[in-house]
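**Student:** Turn this into a model:
(chains A and B)
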Amino acid sequence: MPKIIVEIMPKQDLLDPQGKAVSNSLHREGKKEITAVRIGKRIELHFDREITDQDLEMAKDQAANFLSNDVIEDVIAITKED
Amino acid sequence: MKIGVITYPGTLDDRDAQRAIRLAGGTPVPLWHDDDDLKKVDAVVLPGGFSYGDYLRCGAIAAKAPATKEVIRLAAKGLPVLGICNGFQVLVESHLLPGGLIRNEKQHFICRDQKLRVENNETAWTSLFEKDQEILIPLKNGEGGYIATDDTLKMLEQENRIAFRYVENNPNGSMNDIAGITNERGNVVGLMPHPEHAVEAGFGPDTPTAMRSGIDGLLFFESVLKMVVNS
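**Tutor:** Numbers count the residues shown, from 1 in each chain, chains lettered A, B, ... in the order given. Got it, this is the predicted structure:
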């Protein structure tokens, strides 16, 4: 199924409570070599036809204006998958 | 004077907001998130609680609701809009107000009576307060940490757009102790604490005078009613 994948991460300098909790748990398990964990989002937009350049533009626009909030998050990647 | 109160899926405080409007002398008009008819109201309250499961980000999906889109359109023409708690989150996600709200600094949901200072008493919703007046209203949120870029913070400070600041303690790590802000025109105000829960003696916060006698929240609604009557 053709899809556009949007990846979003919390901004570097913001506290990521999910990542911190997971990191603490991994450390309890003895995985001290992991220095930090950060958790973001992967959003898939599915299509039932071939994805056009316009679709990618639309996804870029939605990623910037709806799927992410640039005050707290960064869009890391927008990729097409056939 | 008709003041609309929008109900989103997950809203908790719509009835309290309606009651606050009634106690202030206005006529509350229930509005539905999926309806772009705002029924010719003179002002709108976006109440607290949750909206659409707060999926994606708090307030993000509500910002796209038909009723919210109409609020955005009319706010540009001067319609007074008050966003409380989740309503404040909807206002920042709608870009009617700048910045964002993130999880409280210490990760805990906080519920308590909170002292605030009125920094700007020239907005549609604060005109009956004295400048620098300290007020006490309930605060209850999990994601109330206000953040913004350095440039936005500077702009808010310089343009006197910080409407309320937390006093004595900053409950959620908000930058510059910001509890609420306003837009340039002063018709749109958003804040995390809940004025609608401090409007009737017997049900408000404790004050030095008597238990549960705090009614500082009433002036928000009386302010906007006075403005609408005068205009």
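**Student:** Check which helix or strand whichever residue of chain A sits closest to chain B maps to.
**Tutor:** Using C-beta to the nearest C-beta, the closest approach of chain A to chain B is made by residue A:71 at 3.6 Å. For the C-beta atoms, the positions are set from N, CA and C on the backbone; glycine is no exception. Using DSSP states H and E, residue A:71 falls within no helix or strand.
**Student:** In chain B, where's the longest helix?
**Tutor:** Taking DSSP state H as the assignment, the helix of chain B that covers the most residues is helix B:218-230.
**Student:** List the buried residues in that helix.
**Tutor:** Buried positions in helix B:218-230, judged by neighbour count with 16 or more other C-beta atoms under 10 Å in any protein chain shown: B:218, B:219, B:220, B:221, B:222, B:223, B:224, B:225, B:226, B:227, B:228.
**Student:** So residue A:46 is in contact with residue A:3, correct?
**Tutor:** Yes. Using C-beta atoms under 8 Å, residue A:46 is in contact with residue A:3, at 5.0 Å.
**Student:** Please say which of those two ends up with more neighbours.
**Tutor:** Between residue A:46 and residue A:3, residue A:3 has the larger neighbour count (other C-beta atoms under 10 Å in any protein chain shown), namely 16 against 8.
**Student:** What sits closest to the residue in chain B positioned nearest to chain A if chain neighbours are left out?
**Tutor:** Residue of chain B nearest chain A, by C-beta to the nearest C-beta: residue B:100 (3.6 Å). Nearest in space to residue B:100, with sequence neighbours left out and distances taken as C-beta to C-beta, 6 or more residues apart in numbering or on different chains, is residue A:71 at 3.6 Å.
**Student:** Which pLDDT value goes with the one you found?
**Tutor:** Here the pLDDT value assigned to residue A:71 is 91.
**Student:** wait, doesn't it sit right on residue B:148?
**Tutor:** Yes. Applying C-beta under 8 Å, one finds residue A:71 in contact with residue B:148, separated by 6.4 Å.
**Student:** Which neighbours do the two have in common?
**Tutor:** Counting by C-beta atoms under 8 Å, 6 or more residues apart in numbering or on different chains, the common neighbours of residue A:71 and residue B:148 are B:99, B:100.
**Student:** Can you tell me the SS state at residue B:207?
**Tutor:** coil (DSSP: H, G, I helix; E, B strand; the rest coil).
**Student:** what residues are up against residue B:170?
**Tutor:** residue B:177.
**Student:** Kindly confirm my reading that it is in a helix.
**Tutor:** No. Read with three-state DSSP, residue B:170 is coil and lies in no helix.
**Student:** Can you read off the backbone torsions of it?
**Tutor:** Here is the backbone geometry of residue B:170 (degrees, to the nearest 10): phi -100, psi 110.
**Student:** Just the element for residue B:216, please.
**Tutor:** Residue B:216 belongs to no helix or strand when elements are defined using DSSP H and E.
**Student:** what comes up buried for the lowest-mean-pLDDT helix or strand in chain A?
**Tutor:** Sorting the helices and strands of chain A by mean pLDDT, DSSP states H and E puts helix A:17-28 at the bottom, at a mean of 92. Using 16+ other C-beta under 10 Å as the test for burial, helix A:17-28 gives A:19, A:22, A:23.
**Student:** That helix and chain B in contact?
**Tutor:** Yes. Using C-beta under 8 Å from any C-beta of the partner chain, helix A:17-28 comes into contact with chain B via residue A:17.
**Student:** quick one, helices of chain B?
**Tutor:** B:14-24, B:66-75, B:86-93, B:150-158, B:218-230.
**Student:** Just want the angle from the shortest one to helix B:14-24.
**Tutor:** In this case it means helix B:86-93. Helix B:86-93 runs at 100 degrees relative to helix B:14-24, counting by axes from the mean of the first three to the mean of the last three C-alpha atoms, to 10 degrees.
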